[in-house]
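> build me a structure from this.
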Amino acid sequence: MGCGSSTPGGSGSAPMVGSSKPSIRGLHKQAVVEGIHNVDQPSLSEGYGEDVFKGAVADKYLKEQGLTCKDLDDYTWINDKAKPDQIAKAMMCWALDRKATSFCHWFQPMASTFRHGDTGCVQMSMLEFNDDGTPTFELKGKNILFGETDGSSYPNGGMRDTHTAGGYLAIDPSSPVFLRGDCIFIPACLVSFDGKALDEKTPLHRAHQAMSKEGARLFKHMGMEIDGMVNNIGLEQEIFFVPREAYERRLDLQFTGRTVMGRMPARGQEGCDHYMAPIYTQGRVLACMKEIQHQCFKLSIPLKTRHREVAPNQYEFAPLFGSVITQTDQNLVVMQICEEVATKHDLACLLQEKPFAGVNGSGKHNNWSISTLCGAQLLNPSDLTKKSGNSEIFPVVMAAIVAAIDQYGDLMRLSVACPGNDFRLGAMEAPPSVISTYLGGQLTDYLTEFMNGNVYEYKPSTSPVNLGVDILPVVQAPAEDRNRTSPFPFGGHRFEFRAVGSTQNVSLVNVVLNAMTAKVFSDISSRIEAGETAVEVAQDLLKKHFRSIFNGNGYDPEWPAKADALGLHHIDSGVEAIDKFVDPKNVELFSSMSVFTEEECKARRSILLDAYVGTIEMEVGCMCDMITQHAIPSAKAAGMDSTAMQSGVIELKAAMAAIHAAADNFEAAKLCRVLRLETMIAVRKIVDDVEGECPANLWTLATYHELLFVDTGRDIPR
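The predicted structure is shown next:
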């Protein structure tokens, strides 16, 4: 009921923990003896989900309190008088059996790129005392439902201050409680004293709710009564693993996640030899990745695929798809586990979008789809038509999405305007900063005919591909090819937002996708209620917004100019994209869908700009320190001239002084972008040239040669 990963083997939905498995070893032994493979309960599935309070794991403890996991899955339990205490006690018993004695509300502060895990929590002991002074453990319903914290010490865009610091936490019952170490983590939303969202999760829920309600409203007009909709996503997480020892000799990697200087070695990715090559079986990277998968497995996060990516030392994990709320939470857990497990294997995990110049950076493809709560997939034409009985719904849905992309492409660009994407978008490794969609020939032709009045059911066809060898099977090519140059291509019953940055919490990305879809669904419904038919509205939308469909090569140097002539959203600067948060049409979108108020839009614009400025300030600080403390002394030891590098440091510091004197954070951010993409690159070239001439034994910084080739067959598992 949604999208799968676009990497091999990544489709399907993550299973709930099944029934208890006391005799699983016996079942597997029996299967082996009988010569069959028990796919339902193989011995290797032991431990799946044991660190998550849901399904069979939760059911055992809930039954002791007179409940079942069905009560937990009915989110209205939070409003019941008795159930919160019963569920809290069941959670406590589960935790104590797992040797966990603490709990916390786990929330997602805004702009947390450099925060470990991108999340916040205060871990509280469940320890209490009886009247006689003996210790005991206690967890009540009120403890899991609500919490309180300081709302002023996280990025808040002026919505909180030291004298108005209240921040309030509320459990998110749709995302399961999980356990790590001696603590259970309760996913929660964070709001201010007056109800403003101070986190990433709350607006995601708001946007998802709006999409669900407006989708049900539209479908009712088209003869299909549904209770609501769910957005499913699958996230492909790209990362780098580098040797820990070399990482610890790079101040820039430790502080900012990327190298601000460093000369390319003789070998990079020229041979295209890293992508999907076998991972060295005796190396520490594979051992690390297997341990990451194992920890995630216990947390009901089945990382379905692992493989090498394009750049040296670059890898990818991809899970099975699931609901946007849970998948967003789980991706944050995956990133934290990657960083923590890497250290155990003498590695460092780099999540930043562009750790190294000269080789590909990392992204996080956001595979996005919608289904009704009854299981009809909106982006699967045959499934939707079969379950709705109305073949006109699919083209109406597609017209809505095409229109949303054209109207709110600036918001899509804003949602991926993380600092690291400065170096990725349009760099022949990620889509350009022009927002369009690829639909493929068959669907584009169909929508063209539909737009022009020829209304019929869309039935995409496959094409046989004969390999020319009798013993080999005939491949059936799908209706859509893969267009890796499109920021938002359609295929496999999903859209793939390919421009998302690897460090990002994908909440804002999916806030935008869900809010803009909800808005166009709402607009269509309003026009139907005013007397038009759904088909007429959809045809009109396609005529106005068909320009957002582009099936060509997004890397074509001529495409941006052509896109400009068409009037598409083309925003090269992430800073300029962030400013679109307060564009009147975007404020109206968010406010009308009850996602953000105007004040919240202004606050988030400010937060993102401050985060951008702060990132560049750290990068410049690292660059100055590394030149002064390493590059210049190394050059002098080699008898080389260091005057140009000294001048570069002076230029960098002067540029930062001008930024500090800027009138506001928008002006400061624009100056930072120039500093980063022009001044820093020019100074870097000076340093990199010196590195190329300096004897290796005198260069004290870890080089790209040391950083980029950890998995070359020489390592043994730690």
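
> how much space separates residue 152 from residue 664?
Distance from residue 152 to residue 664, counting by CB to CB, to the nearest Å: 21 Å. Every residue, glycine included, has its C-beta placed from N, CA and C.

> same thing with residue 483?
Relative to residue 664, and taking CB to CB, residue 483 is found at 39 Å.

> compare these two and say which is more crowded by neighbours.
The neighbour count for residue 483 versus residue 664, taken as other CB atoms under 10 Å, is higher for residue 483 (23 against 9).

> could I get the pLDDT score of that one?
Note on residue 483: pLDDT of 92.

> and for residue 427?
For residue 427, the predicted pLDDT is 71.

> so who does it touch?
By CB atoms under 8 Å, 6 or more residues apart in numbering, residue 427 lies in contact with residue 361.

> so it, which state does it fall into?
Three-state assignment for residue 427 (DSSP: H, G, I helix; E, B strand; the rest coil): coil.

> also residue 187?
Residue 187 ends up strand, using three-state DSSP.

> who touches the residue nearest to it when sequence neighbours are not counted in this structure?
Among residues not flanking residue 187 along the chain, residue 175 sits closest, at 3.9 Å (CB to CB, 6 or more residues apart in numbering). Contact analysis of residue 175 by CB under 8 Å, 6+ apart lists 187, 325, 326, 329.

> by neighbours, which of those residues wins?
residue 329 leads the contacts of residue 175 on contacts (other CB under 10 Å) with 27 neighbours.

> distance from the chain centre to the helix or strand containing that residue, please.
Using DSSP states H and E, residue 329 falls within helix 324-344. Helix 324-344 sits 10 Å away from the centroid of its parent chain (CA atoms, centre = their mean, to the nearest Å).

> give the other helices and strands that that helix contacts.
Secondary-structure packing of helix 324-344 (3 or more CB pairs under 8 Å, 6 or more residues apart in numbering; DSSP states H and E): helix 201-221, strand 229-243, helix 284-298, strand 314-319, strand 347-350, helix 507-529.

> same question for the longest one: list its buried residues.
By that I understand helix 507-529. By 16 or more other CB atoms under 10 Å, the buried positions in helix 507-529 come out as 507-525, 527-528.

> mind listing what's buried along the helix holding residue 329?
For helix 324-344, a neighbour-count test (16+ other CB under 10 Å) marks 324-342 as buried.

> repeat for stretch 679-690
679, 680, 683, 684, 686, 687, 688, 690.

> part of a helix, is the last one?
Yes - according to three-state DSSP, residue 690 belongs to a helix.

> hmm, it is touching residue 643, no?
No - assessed by CB atoms under 8 Å, residue 690 is found out of contact with residue 643, at 10.9 Å.

> and the helices and strands packed on helix 324-344 as a markdown table, adding mean pLDDT and distance to residue 695?
Below are these laid out as a markdown table (pLDDT from 0 to 100; distance: least, CB to CB, whole Å):
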| stretch | mean pLDDT | distance to residue 695 |
| --- | --- | --- |
| helix 201-221 | 98 | 52 |
| strand 229-243 | 97 | 22 |
| helix 284-298 | 96 | 29 |
| strand 314-319 | 96 | 30 |
| strand 347-350 | 97 | 26 |
| helix 507-529 | 98 | 47 |
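
> closest one to residue 711 among these?
helix 284-298 (4.6 Å; CB to CB).

> immediately after the closest one, which helix or strand?
strand 303-308.

> which elements pack onto that next one?
helix 284-298, strand 314-319.

> what about the longest one, distance to the chain center?
Offset of helix 284-298 from its chain centre (CA atoms, centre = their mean): 20 Å.

> strand 303-308 and that helix, what's the angle between them?
Angle between the axes of helix 284-298 and strand 303-308 is 170 degrees (criterion: axes from the mean of the first three to the mean of the last three CA atoms, to 10 degrees).

> that older thread, going by distance to residue 604, which of the buried residues of stretch 679-690 wins?
For the buried residues of stretch 679-690, the nearest to residue 604 is residue 680 (26.7 Å; CB to CB).

> wait, that closest one touches residue 624, no?
No - the criterion here is CB under 8 Å, and residue 680 misses it with residue 624 at 10.4 Å.

> okay, and the common contacts of these two?
With contacts defined as CB under 8 Å, 6+ apart, the residues shared by residue 680 and residue 624 are residue 652.

> checking the closest residue to residue 92 other than its chain neighbours next. Helix, strand or coil?
Excluding the flanking residues, the one nearest residue 92 by CB to CB, 6+ apart is residue 139, at 3.9 Å. Applying three-state DSSP to residue 139 yields a three-state assignment of coil.
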